[in-house]
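Participant: kindly return the folded structure for what I paste below:
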Amino acid sequence: MKLFEVNQNEAKLILKEGITHIDDQKLPIEKFLHVLKNLKDFEITEKVDGANLKFGLNMAGRFFTSRMGKEGKEYFSEEEWGKDFKDTAFRSAHLALEQKTNEMIKAGLEIGDIVEVEILFGTKPNAIPYWPNQVIFLRAIHGDPDIDNIANVLEGQKSSVEIKDVPYTLDGETIERTDENHTWTFSQVQNFSVDVDELNKQLSKDIKILEEFLYAPNIANFRAKSSEGVEKIPTNLEVLAMRGVGEVKEAKELVKDVIDGERDPITGNRSNKGGGLRYKIKEILLDKLVRTAESSLGPSLEEGGWVEGVVLKSKNIGEDGEDEIYKVVDKDIFTTVNEFNYQVRKFLTAKHKGVNTARETAGILGNLLRDMAEIIGYPELGTNQAKNLLKKLGTSRQEIVRTITSEMDLEKTKVEWIKLIDKAEKLLKVVLEQYKDQYQDKEYTDKIGRSHKYDKDIHNRTLQTFAGLFMDFSSWKTEINETNSSEGLIMILIGDKI
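Facilitator: Residues are numbered from 1 along each chain as shown. I've put the predicted structure just below:
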């Protein structure tokens, strides 16, 4: 029975949604302005750049961890997470949290409660450097646990765990196993000290421009009839609320382009200055709240530390009984740094979006998968469109397999697939040697002058990706050589999709 499924036909688990970006175009512009004009009513904390994890007690009182929102499965023991590279952080964090179950229950964790945390495994779990191995308490997403008390009770406490059979690679080709000991620290995000009055002064000019634009006659000079049947020129804000095609749609798009595009609010002309009114306001927030901020969870600015962004959380519960919460993330910098860190890994593993995309848009793995799928006459099966195609090929596993293999020459396909994998494996070895020769020279300087390199953490994760592919290629060749059925062969390609 799934979590909290008291009656399989009735009860459903409802979790709080993720945090909305302050510049999300789906966020109503009135709500955007409301937040900006009432910043004094919001707590401002650091946005943490780790791996999201949930934990709680199910209806039987059993402790679990989960990646709800990613895969949805609940894990009741560390072993259930698996033993791949990607699982090590979650296995370790599961044990660390599990050790503190009784203390958390005493502090307010009850049956049915689910708490969201961010785990910072190693010294750079993603793009931002931190002190190693931290569990950061964020918020309650189900039930009513006393999250503040739980976090306060565990603040600064440590938990030492031993993980068996942990994969590692030194050369990017072979995977070894070892046992590791990790020490975790429990913490919570700290409130940023912000001079809200000064921030409001910095924002006031651009907020005024945005408000004047919203309440001015619409920039398209579009005319419409009011509910009383009187023809008038609606304001830009009124146009945003309209539905329709033709002139209505065109006027609406023009207004949106001023707010979130690059169009001048007065003349309506395209601007080369970049960014609409919302973007310009967000840039002020980033300059004042993010780009000079120092993390309480990692090294100082002088030592290379920085923050991804901040979270704005209302001090008071909203009318709907939910927290009002938004995030301000430095996407221009953070996204680019992330892309830099993943550049080599993307070259290795990126998949094709469709059958007609150019080979250079995918990685070694992506090209291999599409080539293998093309051999059997269904190139979509080697792309991100695979699941959509499988739905069209049949309603059951048996029907899908029968359709795909109906005209397959088993032995010929085996020979062709082995050739393709051998070719990909040779290319992988060449790229690995090039990477080892060049990775220390890889460097990126962001828009505010910070330098980013392939440090130990990024290098290790890149080597893990290489080693994982070598292992997959070897396993696939063994399975191909050993299988005696078309179904067994095709499962290599689609087994994780049906």
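
Participant: measure the residue lying closest to Tyr130 once chain neighbours are set aside to Glu155 for me?
Facilitator: Spatially, and ignoring its direct neighbours in sequence, Tyr130 is nearest to Gly298 (3.8 Å; CB to CB, 6 or more residues apart in numbering). For every residue, glycine as well, the C-beta is placed using N, CA and C. Computed as CB to CB, to the nearest Å, the Gly298 to Glu155 distance reads 17 Å.

Participant: confidence score at Leu489?
Facilitator: Model confidence at Leu489, given as pLDDT, is 94.

Participant: spatially nearest residue to it, not counting backbone neighbours?
Facilitator: Thr483 (5.1 Å).

Participant: phi, psi of the one you found?
Facilitator: Dihedral pair for Thr483: phi -70, psi 140, per degrees, to the nearest 10.

Participant: mind checking how far the residue nearest to Tyr130 is from Gln134?
Facilitator: Distance, Gly298 to Gln134, using CB to CB: 9 Å.

Participant: what about Phe137, distance to Ala151?
Facilitator: Per CB to CB, Phe137 is found 4 Å from Ala151.

Participant: in this structure, spot the strand with the most residues.
Facilitator: Criterion DSSP state E: the longest strand present in the chain is strand 176-188.

Participant: in PDB, please show the C-alpha coordinates belonging to stretch 377-388.
Facilitator: Extracted C-alpha coordinates of stretch 377-388, given in PDB (Å, rounded to 0.1, in the frame of the first residue of the first chain):
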ATOM      1  CA  GLY A 377      13.500   0.200 -37.600                       C
ATOM      2  CA  TYR A 378      12.300   2.300 -34.700                       C
ATOM      3  CA  PRO A 379      14.800   5.200 -34.200                       C
ATOM      4  CA  GLU A 380      12.400   7.000 -31.800                       C
ATOM      5  CA  LEU A 381      13.200   4.300 -29.300                       C
ATOM      6  CA  GLY A 382      16.700   5.700 -28.900                       C
ATOM      7  CA  THR A 383      15.500   9.200 -28.200                       C
ATOM      8  CA  ASN A 384      13.500  11.200 -25.600                       C
ATOM      9  CA  GLN A 385      10.400  10.300 -27.700                       C
ATOM     10  CA  ALA A 386      10.700   6.600 -26.800                       C
ATOM     11  CA  LYS A 387       7.900   6.500 -24.200                       C
ATOM     12  CA  ASN A 388       5.400   8.300 -26.500                       C
END
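
Participant: just the mean pLDDT for the helix or strand that the longest strand of the chain is followed by, thanks.
Facilitator: As assigned by DSSP states H and E, the chain's next helix or strand after strand 176-188 is helix 196-214. Averaged across helix 196-214, the pLDDT comes to 95.

Participant: so what does helix 196-214 touch, helix or strand wise?
Facilitator: For helix 196-214, the packing partners by 3 or more CB pairs under 8 Å, 6 or more residues apart in numbering; DSSP states H and E come out as helix 29-37, helix 236-240, helix 247-260, helix 277-285.

Participant: can you say which of these is nearest to Lys164?
Facilitator: Of all the helices and strands packed on helix 196-214, helix 277-285 sits nearest to Lys164, with 45.8 Å by CB to CB.

Participant: what helices or strands is that closest one leaning on?
Facilitator: Packing partners of helix 277-285 (3+ CB pairs under 8 Å, 6+ apart): helix 29-37, helix 196-214, helix 247-260.

Participant: for the ones you listed, give me CSV that also has mean neighbour count and distance to Trp184.
Facilitator: Listed next are the helices and strands packed on helix 277-285 as CSV, based on neighbours: other CB atoms under 10 Å; distance: least, CB to CB, whole Å:
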stretch, mean neighbour count, distance to Trp184
helix 29-37, 16, 34
helix 196-214, 15, 35
helix 247-260, 18, 41
